[in-house]
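Q: the sequence and its predicted three-dimensional model are supplied below.
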Amino acid sequence: MLPGITLQETAGSHTKNNNHDHATLLQQLITESQNEASQGFDTKSALEIARIINHEDARIAGAVKKAIPEIAEVIDLVARSLRDGGRLIYIGAGSSGRIAALDSSECPPTYSTAPGQVQYIMAGGPKALASAVEVNEDSEELGQRDIARRRPTRKDVVIGVSASGRTPYVVAAVAYARARGAKTAAVTCNHGTPLADAADITMVADVGPEVVAGSTRMKAATAQKMMLNTITTGAMARLGYVYENLMVNVHMQNSKLVERGIRILMCACNIDRATAVETIKSAGRSVPVALVMLKARVDKPEAVRRLAKSDGNVRLAIEDTVLEL
């Protein structure tokens, strides 16, 4: 039996009406519509297929641009939350959940955030990252259960990610978090959705119909990735984990990242490689500490003290002032 189609439905019960309403709502979503630009898609040559997809992809940045005011609002929410000891928790299903997991997992190596600071919850659990467990996204109960396990509080920001904006798992989780005082936001590709109603702030990237109708792993997922990248990058910059436009909080755990840290210090301080390597060593392999040592002309203990005082904001540590958001 297909998910969402029950014995009661075939018997003509009230469930049948609910499923009919669900189907009607789905048909009204722009992300489920057919795209006139890709009519006859299966008859096209490889070159024509690539051109059609590329032409449609060109719309994505413009769609995200319209959500910039809301994105900026969420950037500040996240920055304040992380500064005050809270968390950013993404929740999603299917492609949207995988995009959320990607953004979350890349924050520690990029900005040296603690693993618990930026988290994700995926319908179906971690195994759903590699294998489709999409039936879980229909369960409000599972959404509430999974977010409840994280015990959201007023310090946290919970962001629901759903291309359709109507995924029951995500909507229920966001509503639960909001009821417990967490700041909530929605990332979606449709207007006027249940997820928007459940969240404090909604970021909509109306990318239009997909080249393959309903395949929201394409334009919708790309738009969502752009928005999530902007949120976390913006928040980390506001927190001072970026100096100028340099990734100064890089976590140097492999040879590539060690080399990146050396080059960042050389660029930021206009020094030679030998000086950068020696300073990083004396700073305990910490680029922020090394940068403050060089820029403020202080020793390691003083650089560490300044960074603690500024909550890790490198620029403020150099200036020896306090972070305010």
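A: Received the coordinates, thanks.

Q: only C-alpha atoms for contact and neighbour calcs from this point on.
A: Noted.

Q: which SS state does I121 fall under?
A: Secondary structure, DSSP: H, G, I helix; E, B strand; the rest coil: I121 is strand.

Q: give the bridge partners for it, please.
A: Using DSSP bridges, the bridge partners assigned to I121 are I91.

Q: which regions of the stretch 1-150 of the chain sit below the pLDDT cut-off?
A: Applying pLDDT under 70 to the stretch 1-150 of the chain picks out residues 1-27, 30, 33, 35, 37-38, 133-135.

Q: do a quick rundown of the strands in it.
A: Secondary structure of the stretch 1-150 of the chain (DSSP state E, counting those that start in this stretch): strands at 88-92, 118-122.

Q: dump those into CSV; add mean neighbour count and distance to G312 as well.
A: What follows is those, written out as CSV (neighbours: other Cα atoms under 10 Å; distance: least, Cα to Cα, whole Å):
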stretch, mean neighbour count, distance to G312
strand 88-92, 28, 18
strand 118-122, 24, 16
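
Q: need the helices for the stretch 201-325 of the chain, in chain order.
A: Secondary structure of the stretch 201-325 of the chain by DSSP state H, counting those that start in this stretch: the helices cover 219-238, 255-269, 273-282, 287-296, 300-309, 314-319.

Q: can you put those helices in JSON lines and add mean pLDDT and mean neighbour count?
A: Putting those into JSON lines (pLDDT from 0 to 100; neighbours: other Cα atoms under 10 Å) gives the following:
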{"stretch": "helix 219-238", "mean pLDDT": "96", "mean neighbour count": "22"}
{"stretch": "helix 255-269", "mean pLDDT": "91", "mean neighbour count": "17"}
{"stretch": "helix 273-282", "mean pLDDT": "94", "mean neighbour count": "16"}
{"stretch": "helix 287-296", "mean pLDDT": "95", "mean neighbour count": "24"}
{"stretch": "helix 300-309", "mean pLDDT": "95", "mean neighbour count": "19"}
{"stretch": "helix 314-319", "mean pLDDT": "94", "mean neighbour count": "22"}
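
Q: now distance to G85 too, for the ones you listed, in TSV please.
A: Shown next, in TSV, are the helices of the stretch 201-325 of the chain (distance: least, Cα to Cα, whole Å):
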stretch	distance to G85
helix 219-238	14
helix 255-269	26
helix 273-282	28
helix 287-296	20
helix 300-309	14
helix 314-319	18
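
Q: ok, which of those comes nearest I91?
A: Minimum separation from I91 across the helices of the stretch 201-325 of the chain (Cα to Cα) falls at helix 219-238, 11.9 Å.

Q: now for the closest one, which elements pack on it?
A: If you count contacts as 3 or more Cα pairs under 8 Å, 6 or more residues apart in numbering; DSSP states H and E, helix 219-238 packs onto helix 60-65, helix 68-83, helix 94-111, strand 183-188.

Q: by contact count, what packs against the first one?
A: It stands for helix 60-65. On a contact count with 3+ Cα pairs under 8 Å, 6+ apart, helix 60-65 meets helix 219-238.

Q: centre of the chain to the helix it packs on, how far?
A: From the chain centre to the centre of helix 219-238 is a distance of 6 Å (Cα atoms, centre = their mean, to the nearest Å).

Q: ok, residues contacting that helix?
A: By Cα atoms under 8 Å, 6 or more residues apart in numbering, the residues outside helix 219-238 that reach it are 31, 56-57, 60-61, 63-64, 71-72, 74-76, 78-79, 95-96, 99-100, 103, 107, 111, 161, 163, 187-189, 205, 207, 210, 242-243.

Q: out of the residues you listed, which are buried?
A: Buried members of the contacts of helix 219-238, scored by 16 or more other Cα atoms under 10 Å, are 31, 56-57, 60, 63-64, 71-72, 74-76, 78-79, 95-96, 99-100, 103, 107, 111, 161, 163, 187-189, 205, 207, 210, 242-243.

Q: picking that back up, tell me which of the helices of the stretch 201-325 of the chain sits nearest to D146.
A: Closest to D146 of the helices of the stretch 201-325 of the chain is helix 219-238 (Cα to Cα; 20.8 Å).

Q: of all the helices of the stretch 201-325 of the chain, which one comes closest to G124?
A: Proximity to G124 (Cα to Cα) singles out helix 219-238 among the helices of the stretch 201-325 of the chain, at 18.5 Å.
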